[in-house]
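Trainee: model the following, please.
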Amino acid sequence: MGPVQTCFCGRSNSQKRCTETDYDDGWSCGKTCGELLACGHSCLRPCHDGFCGACTLLETVLCYCGKVEMPIMCGEQLAGRESVSVSCGTKTEWIGKFECDNPCERLLECGIHRCSKRCHPQEEKPMSCSLSPERVSSCPCGATKLEKLLATPRKHCPDPIPTCQRQCNKLLSCGHLCKSKCHHGECHPCKSEIMVRCCCGNTEIQTTCVERVNSFQPECNTICRVLRSCGRHECGRKCCLGYKNALTRMKGKKRVPNVHLEDFEPEHLCTLICNKSLPCGNHNCSALCHKGPCPSCLEASFEERVCHCGRSRLHPPIPCGIKVPSCQYPCQRDNLCRHPRILHECHPNDEACPRCPYHVERPCICGETLLRNQPCWRQNGSCSKPCRRKLACGIHECSKVPCHKPESCENPCRNLCGKARKLCGHPCVKICHGSIICPEGIETTCRTKITITCTCGQLRQDVPCNTNTENTTASWRRLTCTDSCAIAERNQKLAQALTIDPDRPVELDQSYHPEILDYYAQNKVWTCNIEKQFRQFMQQDDLQKLSFKPMKSLYRKFIHQLAESYNLESEALDPEPYRSVVCQKTYTSQIPSKSLSVAYIVYKSQAKHVMPIPHAISQLRKPT
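Mentor: A predicted model of the protein is given here:
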């Protein structure tokens with residue numbers, strides 16, 4: 001057994017086993033302490049170690065004016081002050097312990113007015129009234145005696161106190177003098193205009209003194225461009241309070257290069273989140289924006305990491321960002337192609353095994369050709385031939401090169417329809433519309449170029465077909481014979497009489513109109529540039545229209561004539577001076593066999609050998 005121990009209060013003894021005895025802290029019997037305190041009360045705490053402390057017994061105390069009661073602990077030791085009140089001849093005394101929020105409102109010595117002060121210790125004799133004739137001898141501002149303002153002196157405190165017409169001139173809390181006329185009561189707030197510097201100190205702003213007294217701080221529109229503590233972000237505040245201190249700090253930075261975070265102004269501490277990628281590559285920095293490199297990632301994994309073959313391991317805890325250990329043993333993965341495995345080291349799953357080097361025979365994507373000596377790893381080989389599959393329209397074939405998967409064919413079909421129109425038989429030049437009947441209304445009038453002649457066949461003219469559902473015979477129209485037809489018929493008869501063959505063949509190049517070649521000879525640079533644009537347009541299958549910038553009528557005429565040589569439809573748009581030409585492909589559009597330069601050479605050489613057809617008797621005479 002252990003020794004006999006007395007409890008903290010000394011009223012009880014206890015003896016326990018040695019192992020249960022608390023030799024260091026002692027023990028408590030749990031009874032009320034009962035020790036006499038300095039205030040006269042007894043300690044109500046259970047048996048305890050050390051001093052009893054302040055008394056916790058609650059007692060009710062009065063305020064200084066005696067209107068409010070409040071319970072407090074006896075041990076709070078509030079300073080008390082004596083107060084006395086006399087009512088109806090009865091004298092009451094008490095000790096006031098605190099100041100309440102109510103006004104005093106005790107009758108003053110005059111018996112009329114009441115005290116307007118806040119709660120304060122009371123005296124037996126009432127306070128004298130501040131308006132009594134004995135205490136008031138001048139006007140409210142104090143500049144003029146009442147004898148000069150009143151005919152008869154004041155006898156009672158309710159008697160009015162006159163005011164003079166002078167300026168008050170009382171000293172205000174801001175240091176200025178009151179500018180109002182002599183008045184009763186408190187002075188009005190000072191409205192003197194003063195110059196106050198803004199928060200950043202760059203600008204002086206005019207304001208009133210009362211706003212300054214009310215802690216009004218003017219702000220300018222200057223944006224603070226000082227770098228924050230991170231060295232990356234600007235402050236960006238308007239009229240920054242720490243701008244002046246920042247300038248002082250930056251001047252001292254030249255002498256002390258290493259500035260600590262504690263040296264920065266509170267306004268220039270960067271509170272943004274860094275959010276940079278940590279070295280682990282998996283997480284972002286969650287610290288406040290800072291200078292220098294981010295700390296290491298504190299995340300860790302508690303799962304064991306094993307390589308694919310299972311012969312290399314990393315035991316937890318594993319810091320974030322650590323990769324699977326490199327394994328020096330051979331990879332055990334099987335090839336999907338069933339060829340012999342290539343010897344290589346074990347690697348993570350995100351790294352592919354080396355490609356199979358064996359060559360095999362494999363059909364191409366379109367399935368029409370068997371490709372030989374193809375690498376085993378290449379799954380989609382191509383025979384490099386045009387696709388030629390029927391498109392969804394069922395009419396045209398896919399022209400993509402090289403061959404490809406069926407789902408990669410053009411959809412929808414973008415080729416020209418090409419089917420013969422029912423009314424005129426010319427090919428439809430609209431975008432392919434499948435099995436739908438070709439539209440032949442007014443909006444889709446046939447614009448194919450046709451040659452119409454007069455009755456005798458002498459006159460010929462190239463015109464649009466213009467056949468539609470409301471004009472089904474447009475392609476059958478004829479030209480009216482003119483006087484030239486009669487002349488040609490007469491010349492024909494004369495030629496027959498003189499055994500002259502007027503229809504002898506002349507080998508002339510008909511690719512271009514002679515006017516085109518003549519204009520080419522006059523303006524080769526511009527015409528060659530236009531020809532280049534035509535040829536590039538014809539070589540691009542995905543383009544259907546070619547637009548030219550606004551130009552003069554002579555240039556537009558050349559483009560219209562050149563478009564006919566390419567079997568293109570040409571149209572002039574917009575009024576002058578913004579009129580331009582737009583050319584559109586047709587089903588028969590093609591590039592001429594000769595360029596303008598070559599055709600011009602042929603044209604000039606052939607023109608020398610052409611004999612003019614006689615149109616008059618004088619032309620049939622032999623030269624003398």
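Trainee: can we go C-alpha only for contacts and neighbour counts from here?
Mentor: Noted.
Trainee: report how many residues lie close to residue 605.
Mentor: 12 (other C-alpha atoms under 10 Å).
Trainee: next one: residue 561
Mentor: 17.
Trainee: doesn't it belong to a helix?
Mentor: Yes - per DSSP: H, G, I helix; E, B strand; the rest coil, residue 561 lies within a helix segment.
Trainee: list the contacts of the longest strand along the chain.
Mentor: Longest strand in the chain, counting residues (DSSP state E): strand 90-98. By C-alpha atoms under 8 Å, 6 or more residues apart in numbering, the surrounding residues in contact with strand 90-98 are 61-66, 78-86, 121.
Trainee: would you mark the buried spots in that strand?
Mentor: Buried residues in strand 90-98, counted by 16 or more other C-alpha atoms under 10 Å: 94, 95, 96, 97, 98.
Trainee: and the first one, how close does it get to residue 78?
Mentor: With the distance defined as C-alpha to C-alpha, to the nearest Å, residue 94 ends up 14 Å from residue 78.
Trainee: for the last one, same thing?
Mentor: Counting by C-alpha to C-alpha, the gap from residue 98 to residue 78 is 8 Å.
Trainee: which residues in the stretch 201-350 of the chain form helices?
Mentor: For the stretch 201-350 of the chain, applying DSSP state H, counting those that start in this stretch gives helices covering 209-213, 243-252.
Trainee: name the stretch among the ones you listed that sits most buried.
Mentor: Mean neighbour count (mean count of other C-alpha atoms under 10 Å) peaks for helix 209-213 among the helices of the stretch 201-350 of the chain, with a mean of 17.
Trainee: ramachandran angles for residue 533?
Mentor: The phi/psi pair for residue 533 (degrees, to the nearest 10) reads phi -60, psi -40.
Trainee: neighbours of residue 268, how many?
Mentor: Using other C-alpha under 10 Å, residue 268 is surrounded by 24 other residues.
Trainee: got the contact list for it?
Mentor: 226, 227, 228, 229, 235, 242.
Trainee: nearest to residue 428 among those?
Mentor: residue 235 (69.5 Å; C-alpha to C-alpha).
Trainee: so what's the closest one up against?
Mentor: 224, 225, 226, 227, 228, 267, 268.
Trainee: if we use 6 Å, what do you get?
Mentor: The contact partners of residue 235, taken as C-alpha atoms under 6 Å, 6 or more residues apart in numbering, are 224, 225, 226, 228.
Trainee: per-domain residue ranges of the protein.
Mentor: The chain is divided into the following domains under automatic domain parsing: 451-497, 514-608.
Trainee: so which of those domains is nearest residue 381?
Mentor: For the domains of the chain, the distance to residue 381 is smallest for domain 514-608, at 26.0 Å, taking C-alpha to C-alpha.
Trainee: distance between the ends of stretch 449-469?
Mentor: Stretch 449-469 has an end-to-end distance of 18 Å (C-alpha to C-alpha).
Trainee: quick one, helices of the stretch 401-550 of the chain?
Mentor: Along the stretch 401-550 of the chain, the stretches classed as helices by DSSP H, counting those that start in this stretch are 483-497, 514-522, 524-539.
Trainee: what's the angle between the second one and helix 524-539?
Mentor: With axes from the mean of the first three to the mean of the last three C-alpha atoms, to 10 degrees applied, the angle from helix 514-522 to helix 524-539 works out at 120 degrees.
Trainee: Throw the buried residues of strand 90-98 into JSON lines and include pLDDT and distance to residue 379, thanks.
Mentor: Shown next, in JSON lines, are the buried residues of strand 90-98 (pLDDT from 0 to 100; distance: C-alpha to C-alpha, whole Å):
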{"residue": "94", "pLDDT": "85", "distance to residue 379": "107"}
{"residue": "95", "pLDDT": "85", "distance to residue 379": "104"}
{"residue": "96", "pLDDT": "88", "distance to residue 379": "101"}
{"residue": "97", "pLDDT": "85", "distance to residue 379": "98"}
{"residue": "98", "pLDDT": "86", "distance to residue 379": "96"}
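Trainee: out of everything not next to it in sequence, what's closest to residue 570?
Mentor: Excluding the flanking residues, the one nearest residue 570 by C-alpha to C-alpha, 6 or more residues apart in numbering is residue 583, at 4.3 Å.
Trainee: how close does that neighbour sit to residue 567?
Mentor: 10 Å.
Trainee: same thing with residue 450?
Mentor: Between residue 450 and residue 567 the computed distance is 11 Å (C-alpha to C-alpha).
Trainee: equivalent analysis for residue 190, please.
Mentor: 94 Å.
Trainee: which SS class is the residue nearest to residue 570?
Mentor: Three-state assignment for residue 583 (three-state DSSP): strand.
Trainee: do residue 55 as well
Mentor: Residue 55 is classified as coil under three-state DSSP.
Trainee: and residue 159, what is it in contact with?
Mentor: Per C-alpha under 6 Å, 6+ apart, neighbours of residue 159: none.
Trainee: so, low pLDDT: which residues of the stretch 401-550 of the chain?
Mentor: 474-475, 498-510 (pLDDT under 70).
Trainee: wait, which of the contacts of residue 235 is closest to residue 15?
Mentor: Residue 15 has its nearest neighbour among the contacts of residue 235 in residue 228, at 69.0 Å by C-alpha to C-alpha.
Trainee: what about that closest one, how many residues nearby?
Mentor: 22.
Trainee: and it, what is it in contact with?
Mentor: Per C-alpha under 6 Å, 6+ apart, neighbours of residue 228: 234, 235, 268, 269, 270.
Trainee: in strands, which of these appear?
Mentor: When DSSP E defines the strands, the subset of the contacts of residue 228 inside them is empty.
Trainee: which one among the residues you listed gets closest to residue 604?
Mentor: The closest of the contacts of residue 228, once distances to residue 604 are taken by C-alpha to C-alpha, is residue 234, at 77.0 Å.
Trainee: number of nearby residues for that closest one?
Mentor: For residue 234, the neighbour count with other C-alpha under 10 Å is 16.
Trainee: in terms of contact, does it touch residue 227 like I think?
Mentor: Yes - contact criterion C-alpha atoms under 6 Å: residue 234 and residue 227 qualify, at 4.4 Å.
Trainee: thinking again about what came up before, okay if I get the contacts of residue 235 as JSON lines plus pLDDT and distance to residue 364?
Mentor: Output for those, formatted as JSON lines (pLDDT from 0 to 100; distance: C-alpha to C-alpha, whole Å):
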{"residue": "224", "pLDDT": "90", "distance to residue 364": "68"}
{"residue": "225", "pLDDT": "89", "distance to residue 364": "65"}
{"residue": "226", "pLDDT": "89", "distance to residue 364": "66"}
{"residue": "228", "pLDDT": "89", "distance to residue 364": "64"}
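Trainee: cool, thanks, talk later.
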